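J.: return a 3D structure for these sequence lines:
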Amino acid sequence: MSDWTAGYIAEIGYTYGYYGELNPLRLRLAFLSAGLAFPEVGTACELGFGQGMSTNMHAAASTTQWSGTDFNPAHAAFAQQLGQASGTDVRLYDEAFVEFCNRTDLPDYDYIGLHGIWSWISSENRAIIVDFIRRKLKVGGVLYISYNTQPGWSAMVPLRDLLTEYAEVMGSPGQGIAARIDGALAFADQLLATNPGFAKANQQVVERLKKIKTQSRNYLAHEYFNRDWAPMAFSRMAEWLSPAKLNYACSAHLIDHIDQINLTVEQQELLNAIPDAMFRQTVRDYCINQQFRRDYWVKGARKLNQLERAELFRMQRVILTTPRAEVSLKVNSSLGEAEMQASVYNPVLDALADYQPKTIAAIEDAVKDQKINFGQAVQALLILVGSGTVQPTEDEASIRAATKRTQNLNLYLYNKARNNSELNYLASPVTGGGITVPRFHQLFLLAMTEGKTEASQMAEAVWTLLKLQGQRIVKEEKMLQTEAETLAHLTEEAQVFISTRLPILKALGIA
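T.: Next up is the predicted model:
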C-alpha cells in the first residue's frame, strides 16, 4: 500500500493559524523599503495551505483570484467549506504537489506563497515546486517563502533527531502521535537530568526543550515529527531557486529592514563592507543566529529610482489596528527589546488615532510641524507595520468589492466560535486579510448581528451559549462559580470591547 502522506504527519490536524506575511498587500512596503518595483497581484497561489485560513481570508478580503493545495483531505475539506461560506471563487484542492503542480487548468501567477512548508518536505517535492515556480510565476512575479534556517537550528538538530527516533522506536503506533510526543519529551527530560556532555556544550537546548513542552501537540507534530526536516542555509536556498530565475528581494518581516535595532555597529560595518548581496545575507544570519527566514524572491528585480520610490511610499495607505492607548513603543528585535523614540512615534500614532486609512503623504503632512521628516515617518511606519500595530490597506474600490464576501466569511466564523476557541481571526476588506479577534469578541459580534448591542445583552447571549455546553469562565486562575458573577464579568468584558475594540473593528469593515 502506498503512503499518501509521503512521511508528513497527517493523523493530527494542523493549527488554525493565519499568517499575515502571506498577504500580497504587505509586499509593497517591503519592496519599497528595498527600493524595488512590486507587481499588482491579480492571481495568487498558496502551496500547502494547512487549514486554509490565510488563503480564504486573502481571497475573500481582496480582488485577487486565489488557488492552492494541501495534500491533507481534512484540511482541504475545511478550507473549501470556508470558501463556500464566503462565496469566493477560490480554487482549493487536496492534491499532492506532483498532482497540483502538473494541472493544466491553472493560470499563471503574480504571487506564489509557501509558509512553513519548505523545511518539512522531501527533495523530490522541492524540485517539483521549483519547476512549478519556473513555469507558472509571471515575469515580475513574487515568491514568498518561509523556512527554518541555519545557524539558528544547529544546536537543536540532534535533539530533534533524538525526539523523532524515540517516538518511532520506543512509541507504539496505537498510542497516537500526541502520546508518542509526550513520551519523547519525557525521555528527553530524563536524558538532560543526567547532565550529558551534549547539554553542557549546548546549554540553550535545555531552555528550548522547556518551551517546546508548553506548545500545542498539534503544532509540535507538524514542526518536529515529520520524516523530512531540513533547516536550510540561505545560500542553499538560493541554489534551489536559481533554476526558477529568482532573485532575492528582501525580508518579508519589516522589522528585519531596520539594521539599527537588529545589528551592532560592528556588525553593520562588517556587512556594509561585503560587496556580494547574497553572501551578505549569509553573514547576517550568523550575526543574529537566524533560526527562521521569511523572504520575498522576485522573477526579474527592477530597481526604483529615488523619485519613484518616494512617490509610491507617499501613495501607500495604512491604518492603526491596535487601540491607541495600548500601543507600546517597545519592539522585539534580534538584539532584544528596543525602545522607540517617543518624539517621532507618538505624533505618527496620533495622526492615525481616528482609525481611518491614511496615506503616508497625509501622515507626513500631519507631523511636519513637529520636525519629523519623511524618512523618519517611513521608518516609524515600517516598524509599526512589522510589529502588527499598523497595517497597509486596500484602495476604496477593492474594499467595496470585498465587503460582502468578508461579511459572509465572518458570520460563518462567529457561528463556529459558539463551540470553538481555535478560530481567532476574522477577515477585513480594508487590510485585505485577517485580523486577530478572540472567541469572546466574536461572540459579542454574533450577538450584535441579533440586535443585542448593550453590554448586558451581549453578556447574556454569551453566557447562554456557555451554559448549554457546560463551560465555565476562569478569571485570575479561579473558576467563576455563580451565574451572577459570571454575568458581571462578561458584562465588564463587553463594555471594554464596545469602548476599545469595536471602533477599530468597524473601521476595518468587520463590525
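J.: buried ones in the biggest strand by length in the chain?
T.: What stands out as the longest strand in the chain, according to DSSP state E, is strand 137-148. Residues of strand 137-148 classed as buried by neighbour count (16 or more other CB atoms under 10 Å): 137, 138, 141, 142, 143, 144, 145, 146, 147, 148. Yep, even glycine has a C-beta here, placed from its N, CA and C like the rest.
J.: with stretch 184-192 instead?
T.: 184, 185, 187, 188, 191, 192.
J.: please identify the helix or strand for the last one.
T.: Assigned by DSSP states H and E, residue 192 falls within helix 177-193.
J.: centre of the chain to that helix, how far?
T.: 29 Å (CA atoms, centre = their mean, to the nearest Å).
J.: again, but for stretch 55-62
T.: On CA atoms, centre = their mean, the centre of stretch 55-62 falls 14 Å from the chain's centre.
J.: next: stretch 259-274.
T.: The chain centre lies 27 Å from the centre of stretch 259-274; the measure is CA atoms, centre = their mean.
J.: low-confidence ranges in this structure?
T.: For the chain, the stretches with pLDDT under 70 are 1-14, 173.
J.: domains in it, as residue ranges please.
T.: 20-151+229-298, 158-217, 438-511 (automatic domain parsing).
J.: what's the first-to-last distance across the second one?
T.: Across domain 158-217, the terminal residues are separated by 20 Å (CA to CA, to the nearest Å).
J.: over to the last one?
T.: End-to-end span of domain 438-511 (CA to CA): 14 Å.
J.: number of residues surrounding residue 182?
T.: 17 (other CB atoms under 10 Å).
J.: how near is the spatially closest residue to it that is not a sequence neighbour to residue 90?
T.: Closest residue to residue 182 apart from its sequence neighbours, by CB to CB, 6 or more residues apart in numbering: residue 217 at 7.5 Å. Computed as CB to CB, to the nearest Å, the residue 217 to residue 90 distance reads 30 Å.
J.: out of the two, which sits in the busier spot?
T.: Neighbour count, other CB under 10 Å: between residue 217 and residue 90, residue 90 has more, with 25 against 17.
J.: can you report how many residues neighbour residue 237?
T.: Using other CB under 10 Å, residue 237 has 21 other residues around it.
J.: got it, and residue 396?
T.: Neighbourhood size, residue 396 [other CB under 10 Å]: 11.
J.: would you mind finding the longest helix in the protein?
T.: Taking DSSP state H as the criterion, the chain has its longest helix at helix 396-416.
J.: list the buried residues in it.
T.: So, applying 16+ other CB under 10 Å, buried residues of helix 396-416: 398-399, 402-403, 405-414, 416.
J.: how about residue 111, phi and psi?
T.: The phi/psi pair for residue 111 (degrees, to the nearest 10) reads phi -150, psi 130.
J.: so it bridges to which residues?
T.: Beta-bridge pairing for residue 111 (DSSP bridges): residue 44, residue 142.
J.: re earlier: can you give me the buried ones in the following helix or strand past the longest strand of the chain?
T.: With elements assigned by DSSP H and E, the helix or strand that comes after strand 137-148 is helix 156-169. For helix 156-169, burial by neighbour count (16+ other CB under 10 Å) applies to 156, 159, 160, 163, 164, 166, 167.
J.: for the last one, which non-adjacent residue is closest in space?
T.: Of all residues not flanking residue 167 in the chain, residue 180 sits nearest, at 4.1 Å (CB to CB, 6+ apart).
J.: next up, the contacts around the one you found.
T.: 167, 171, 172, 225 (CB atoms under 8 Å, 6 or more residues apart in numbering).
J.: buried only: go through these for me.
T.: Among the contacts of residue 180, those scoring as buried are 167, 171, 225 (criterion: 16+ other CB under 10 Å).
J.: any chance of CSV for these, columns distance to residue 269?
T.: As requested, the buried ones among the contacts of residue 180 are exported to CSV (distance: CB to CB, whole Å):
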residue, distance to residue 269
167, 46
171, 50
225, 42
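J.: between the residues you listed, which is nearest residue 17?
T.: Nearest to residue 17 among the buried ones among the contacts of residue 180: residue 225, at 17.8 Å, using CB to CB.
J.: in which helix or strand would I find residue 92?
T.: Under the criterion of DSSP H and E, residue 92 resides in strand 91-93.
J.: gap between that strand and the chain center?
T.: In terms of CA atoms, centre = their mean, the centre of strand 91-93 is set 20 Å apart from its chain centre.
J.: right, and the helix or strand after it?
T.: On the C-terminal side of strand 91-93, the closest following helix or strand by DSSP H and E is helix 97-100.
J.: quick one: buried residues of that following helix?
T.: For helix 97-100, by 16+ other CB under 10 Å, it's 97, 100.
J.: which helices and strands sit right next to it?
T.: Helices and strands touching helix 97-100, as assessed by 3 or more CB pairs under 8 Å, 6 or more residues apart in numbering; DSSP states H and E, comprise strand 65-69, helix 123-136.
J.: which residues are in contact with the longest one?
T.: Among residues not part of helix 123-136, those counted as contacts by CB under 8 Å, 6+ apart are 6, 45, 47, 97-98, 101, 106, 108-109, 112, 114, 118, 121, 143, 240-241, 243-246.
J.: any idea of the angle that helix forms with strand 137-148?
T.: For helix 123-136 against strand 137-148, the angle by axes from the mean of the first three to the mean of the last three CA atoms, to 10 degrees is 150 degrees.
J.: list the contacts of the closest residue to residue 241 other than its chain neighbours.
T.: Among residues not flanking residue 241 along the chain, residue 297 sits closest, at 5.9 Å (CB to CB, 6+ apart). Applying CB under 8 Å, 6+ apart to residue 297 gives the contacts 142, 143, 145, 241, 246, 247, 248, 249.
J.: the third one contacts residue 118, correct?
T.: Yes - using CB atoms under 8 Å, residue 145 makes contact with residue 118 at a distance of 5.9 Å.
J.: got any residues that touch both of the two?
T.: residue 237.
J.: one step back: nearest to residue 152 among the contacts of residue 297?
T.: Distance to residue 152, by CB to CB, is smallest for residue 145 among the contacts of residue 297, at 16.6 Å.
J.: what about the nearest residue to that closest one once chain neighbours are set aside, how many residues nearby?
T.: Leaving aside its sequence neighbours, residue 145 sits nearest to residue 114 (CB to CB, 6+ apart; 4.8 Å). Look at residue 114: counted by other CB under 10 Å, it has 21 neighbours.
J.: what are the buried residues along stretch 456-475?
T.: Residues of stretch 456-475 classed as buried under the neighbour-count rule (16+ other CB under 10 Å) are 457, 458, 459, 460, 461, 462, 463, 466, 473.
J.: will you turn these into JSON lines that also has secondary structure and distance to residue 451?
T.: Shown next, in JSON lines, are those (DSSP: H, G, I helix; E, B strand; the rest coil; distance: CB to CB, whole Å):
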{"residue": "457", "secondary structure": "helix", "distance to residue 451": "8"}
{"residue": "458", "secondary structure": "helix", "distance to residue 451": "11"}
{"residue": "459", "secondary structure": "helix", "distance to residue 451": "15"}
{"residue": "460", "secondary structure": "helix", "distance to residue 451": "13"}
{"residue": "461", "secondary structure": "helix", "distance to residue 451": "10"}
{"residue": "462", "secondary structure": "helix", "distance to residue 451": "15"}
{"residue": "463", "secondary structure": "helix", "distance to residue 451": "17"}
{"residue": "466", "secondary structure": "helix", "distance to residue 451": "20"}
{"residue": "473", "secondary structure": "coil", "distance to residue 451": "24"}
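J.: surely residue 232 is in contact with residue 118?
T.: Yes - counting by CB under 8 Å, residue 118 is a contact partner of residue 232 at 7.3 Å.
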